[in-house]
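1. Below are the sequence and a predicted model; questions follow.
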Amino acid sequence: MRFDPEEKEILESFERDEWQSVLNEEELEYYRQCARYTLRKTKRINLRISERDLLAIKKIAQEEGIPYQTLIASLIHKYVEEKLKGLLKNTP
């Protein structure tokens, strides 16, 4: 099985016994909710952005060879993941 660097780091951390069980029921519920939202199907939204930004996104998407909607979804996902990482670091 091949792992990306982040997965490999997590596995090595687990094998070093650096992981602890979550004992706080509130924290446990928070992680359950995160897991539920991760597994949900995508939802459609309407979003207004400037024409200039849309043209730039379409150009980048074309260069990447992906649909522009996929690029937008990817950008949002990456932003949210970074924010969640920051929140989790501050979780007791």
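-> Arrived safely. For clarity, every value in this text was computed on a predicted model and none was experimentally measured. Numbering: from 1, shown residues only.
2. going forward, measure contacts and count neighbours with C-alpha atoms only.
-> Noted.
3. just the strands in the protein please.
-> Here the chain has no strands by DSSP state E.
4. For it, which residues score under the pLDDT cut-off?
-> For the chain, applying pLDDT under 70 flags the ranges 1, 22, 38-41, 88-92.
5. What residues sit buried inside the biggest helix by length in the chain?
-> Of all the segments assigned as helix in the chain under DSSP state H, the longest by residue count is helix 68-89. Of the residues in helix 68-89, those buried under the neighbour-count criterion (16 or more other C-alpha atoms under 10 Å) are Y68, L71.
6. do you know how far the residue nearest the centre of the chain is from C34?
-> The chain has E81 as the residue nearest its centroid, 3.4 Å off, counting by C-alpha atoms, centre = their mean. Using C-alpha to C-alpha, to the nearest Å, one obtains 11 Å as the distance from E81 to C34.
7. For the chain, which segments count as helices?
-> With DSSP H as the criterion, the chain has helices spanning 5-15, 25-39, 51-64, 68-89.
8. Rebuild those as JSON lines, extending it with distance to I45.
-> As requested, the helices of the chain are exported to JSON lines (distance: least, C-alpha to C-alpha, whole Å):
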{"stretch": "helix 5-15", "distance to I45": "30"}
{"stretch": "helix 25-39", "distance to I45": "16"}
{"stretch": "helix 51-64", "distance to I45": "16"}
{"stretch": "helix 68-89", "distance to I45": "11"}
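9. I57 and T70, how far apart?
-> From I57 to T70 the distance is 10 Å (C-alpha to C-alpha).
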